[in-house]
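Undergrad: The following block contains a protein sequence and its predicted model.
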Amino acid sequence: MASITEYYAGKSVLITGATGFMGKVLVEKLLWSCPDVKALYILVRPKAGQSMEQRVSHMMKCKLFDRVREANPDFHKKIIPISSELTQPGLSISPEDVEKLSACINIVFHCAATIRFDEPLKHALQLNVIATQELLSLAQRMHHLEAFIHISTAYANCNRKHIDEVIYPPPVEPKKLIESLEWMDDGIVQDITPRLIGDRPNTYTYTKALAEYVVQQEQDKLNIGIIRPSIVGASWQEPFPGWIDNFNGPSGVFIAAGKGILRTMRANNDAVADLIPVDVVVNLTLAVGWYTAVHRPKTTLVYNCTSGGINPFHWGEIEHHVISSFKRNPLEQAFRRPNANITSNYLINQYWILVSHKFPALIYDLFLRLCGQKPQMMRIFNRLHKAIGLLEYFSSQDWEWNSDNISMLMTGPAGYKGAHYSI
Ligand SMILES: CCCCC/C=C\C/C=C\CCCCCCCC(=O)SCCNC(=O)CCNC(=O)[C@H](O)C(C)(C)COP(=O)(O)OP(=O)(O)OC[C@H]1O[C@@H](n2cnc3c(N)ncnc32)[C@H](O)[C@@H]1OP(=O)(O)O
Ligand SMILES: NC(=O)C1=CN([C@@H]2O[C@H](COP(=O)(O)OP(=O)(O)OC[C@H]3O[C@@H](n4cnc5c(N)ncnc54)[C@H](OP(=O)(O)O)[C@@H]3O)[C@@H](O)[C@H]2O)C=CC1
């Protein structure tokens, strides 16, 4: 049986979301560990005044790609950008590119999504659900497709306490929701969003749950694997320890604490902080791609890519590690010396917000005004409070994820022993 590295040799891979946090690490790892991969087709849109080509060339200069660049200075030749805006009909891929992809792609990794917790429902639906449907339709036109791997989230079913590696019935039939929202203006959609999302905390988890369902609907036609990572953090080992390029999830909170801005946050000290390093998720993704293509499971397998069941780490411990490490390695231009407390008590948290956040911000802004400068601290705190308000749901409770399929992959007859793909 082909090893993971052997499997990818000579294959053409399509990746969505390759410019994102996880997508970049996936591209790097494929180029590094599977040097004989034939080509990586990546769907990219122009953004922020940069063309698709400029964005890709900028991305390849990133430190993340140092080891690949050193091993093969021509590595960029394997990356083939395809212009695509996923929110447009047909993913706005040109007919020529559709032909090209249909003729050569062997495996699809669908990473693109909006991961914002405050995304308006229509947009979250458009990107996370409708674009996924469009990609599935494109995949069905691919003559040599061996596997379609969809990246979901462990929190797609966060309205449950125990989460198995199954696709749960969707909160609503996606097709009906898409049809209904089509004629509604944004104001109406905003008004009914809380009723629609029900016991889920945001449009992100809601639309990711719907996306899992639409992916599963194609299981008779495609060979599918679904990966559900929990809270994806900085790299553990590869390409080097500690790589991260965003403020998502807890990383923005950590930086705010390191800058001495964040002094208090509502979280449950004893709740499991289900963090998973990005390189572990990427290793699993490549292993799942290989397993799905080679073993062709009869039904869609779901992989809960979580850490809490194996190596639990708690928010209380994180607080200690974050603060002590910023005390040892202080950040530049900190507002105050780092010192943060997490509490599960609403009133205590409100008290410390007043005393340790708002009052110092007020004083500092007054000082800035007196110096003839624009006040800024209260604005920063308001944004921080909005962000942590959206994150608290996840740091205040525990979930239990079954991870039998991950164990099967690592230790079962598939023989995946983790060499070069530690999970
Ligand atoms: C010391 C004690 C520590 C104890 C830790 C305790 C608890 C940890 C807390 C939380 C853990 C829960 C994590 C749950 C994750 C669930 C897992 C998932 O499924 S994945 C996807 C996760 N998605 C996200 O994390 C996205 C969340 N972010 C958003 O939804 C939005 O960014 C927002 C928070 C609503 C803010 O939106 P806004 O429009 O106001 O800002 P922008 O996003 O446009 O960003 C503007 C600007 O600010 C920077 N930024 C963004 N977030 C932060 C932040 N948290 N802290 C600091 N700065 C932040 C951003 O980079 C932009 O910068 P620039 O303008 O320069 O580009
Ligand atoms: N980060 C996390 O903690 C977790 C993430 N996940 C899942 O992992 C996957 C990747 O997440 P992550 O890398 O963190 O997310 P990022 O936000 O870093 O990346 C999102 C990617 O999607 C692309 N994208 C977004 N909108 C469009 C669009 N309209 N057209 C084309 N491309 C678009 C982005 O492209 P562009 O650069 O052009 O914006 C980017 O490449 C997602 O499916 C997410 O749900 C699951 C659990 C946790």
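TA: Done, it's in. Ligands and ions are numbered 1, 2, ... in the order given.

Undergrad: So what's the residue count around the residue of the chain found nearest ligand 1?
TA: With CB to the nearest ligand atom, the shortest gap between the chain and ligand 1 falls at residue 252, namely 2.2 Å. The way it works is simple: take the backbone N, C-alpha and C, and place the C-beta from them, glycine included. Using other CB atoms under 10 Å, residue 252 has 17 neighbouring residues.

Undergrad: cool, residue 71 as well?
TA: 11.

Undergrad: ok, now residue 379?
TA: 12.

Undergrad: And it, its phi and psi?
TA: Backbone torsions of residue 379, given as degrees, to the nearest 10, read phi -60, psi -40.

Undergrad: separation between it and residue 342?
TA: Here the criterion is CB to CB, to the nearest Å. By it, residue 379 lies 24 Å from residue 342.

Undergrad: so residue 352 makes contact with residue 339?
TA: No: using CB atoms under 8 Å, residue 352 is not in contact with residue 339, being 11.0 Å away.

Undergrad: what residues are shared contacts of those two?
TA: In terms of CB atoms under 8 Å, 6 or more residues apart in numbering, residue 352 and residue 339 are both contacted by the residues residue 263.

Undergrad: in terms of contact, does the residue of the chain closest to ligand 1 touch residue 386 like I think?
TA: No: with contact defined as CB under 8 Å, residue 252 does not reach residue 386; the gap is 11.2 Å.

Undergrad: Then the residue of the chain closest to ligand 1 would be within a strand, right?
TA: No: remark: residue 252 does not belong to a strand; assigned using DSSP: H, G, I helix; E, B strand; the rest coil, it is helix.

Undergrad: can you count the residues close to the closest residue to it other than its chain neighbours?
TA: Excluding the flanking residues, the one nearest residue 252 by CB to CB, 6 or more residues apart in numbering is residue 387, at 6.1 Å. Neighbourhood size, residue 387 [other CB under 10 Å]: 18.

Undergrad: any bit of the helix or strand harbouring residue 387 sitting next to ligand 1?
TA: Here residue 387 sits within helix 377-395, counting by DSSP states H and E. Yes: Helix 377-395 comes into contact with ligand 1 (CB under 6 Å from any ligand atom), by way of 383, 386, 387, 390, 391, 394, 395.

Undergrad: The fifth one contacts residue 251, doesn't it?
TA: No: the pair residue 391 and residue 251 does not pass the contact test of CB under 8 Å, sitting 10.8 Å apart.

Undergrad: what pLDDT does the residue of the chain found nearest ligand 2 get?
TA: In the chain, the residue that lies nearest ligand 2 is residue 20 (2.0 Å; CB to the nearest ligand atom). Residue 20 carries a pLDDT value of 98.

Undergrad: Setting aside sequence neighbours, what's the nearest residue to it?
TA: residue 111 (6.2 Å).

Undergrad: Please report how far residue 44 lies from residue 128.
TA: 18 Å.

Undergrad: swap that for residue 148, sorry
TA: 16 Å.

Undergrad: Next: residue 200.
TA: In terms of CB to CB, residue 200 sits 13 Å off from residue 128.

Undergrad: Now do the helix or strand harbouring residue 204 against helix 377-395, angle only.
TA: For residue 204, the host element (DSSP H and E) is helix 203-216. Put simply, helix 203-216 runs at 40 degrees to helix 377-395, going by axes from the mean of the first three to the mean of the last three CA atoms, to 10 degrees.

Undergrad: still on that earlier bit, quick one: which of residue 148 and residue 128 has more around it?
TA: Higher neighbour count among residue 148 and residue 128: residue 148, with 29 against 26, using other CB under 10 Å.

Undergrad: Look up the residues forming beta bridges with residue 303.
TA: residue 227 (DSSP bridges).

Undergrad: What's the first helix or strand after the host helix or strand of residue 41?
TA: When elements are assigned from DSSP H and E, residue 41 belongs to strand 39-44. Going down the chain from strand 39-44, the next helix or strand is helix 52-60, by DSSP H and E.

Undergrad: Check which residues of that next one are buried.
TA: Of all the residues in helix 52-60, those buried under the rule 16 or more other CB atoms under 10 Å are 52, 55, 56, 59, 60.

Undergrad: Just the C-alphas of that helix, formatted as CSV.
TA: In CSV, the C-alpha atoms belonging to helix 52-60 read as follows (Å, rounded to 0.1, in the frame of the first residue of the first chain):
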residue,chain,number,x,y,z
MET,A,52,-4.3,37.3,-7.7
GLU,A,53,-0.8,37.0,-9.1
GLN,A,54,0.5,39.6,-6.6
ARG,A,55,-1.1,37.9,-3.7
VAL,A,56,0.3,34.5,-4.5
SER,A,57,3.8,35.9,-5.2
HIS,A,58,3.6,37.8,-1.8
MET,A,59,2.5,34.6,-0.1
MET,A,60,5.3,32.6,-1.4
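
Undergrad: just the angle between it and strand 39-44, please?
TA: Computed by the same axes, to 10 degrees, the angle between helix 52-60 and strand 39-44 is 120 degrees.

Undergrad: Off-centre distance for helix 52-60?
TA: Offset of helix 52-60 from its chain centre (CA atoms, centre = their mean, to the nearest Å): 21 Å.

Undergrad: ok, residues contacting whichever helix or strand comes after it?
TA: Downstream of helix 52-60, the first helix or strand assigned by DSSP H and E is helix 66-71. Helix 66-71 is touched from outside by 28, 31, 32, 35, 60, 75, 239, 240, with contacts defined as CB under 8 Å, 6+ apart.

Undergrad: among those residues, which two are most distant?
TA: Across the contacts of helix 66-71, no pair lies farther apart than 35 and 240, at 18.7 Å, counting by CB to CB.

Undergrad: Those two: which has the busier surroundings?
TA: residue 35 (15 against 12).

Undergrad: Find the nearest non-adjacent residue to the more buried one, please.
TA: residue 72 is the one closest to residue 35 (CB to CB, 6+ apart), at 6.9 Å.

Undergrad: Look up how far residue 36 lies from that neighbour.
TA: 11 Å.

Undergrad: The two: which has the busier surroundings?
TA: When residue 72 and residue 36 are compared for neighbours, residue 72 comes out ahead with 14 against 11, by other CB under 10 Å.

Undergrad: Many thanks, I have nothing further to ask.
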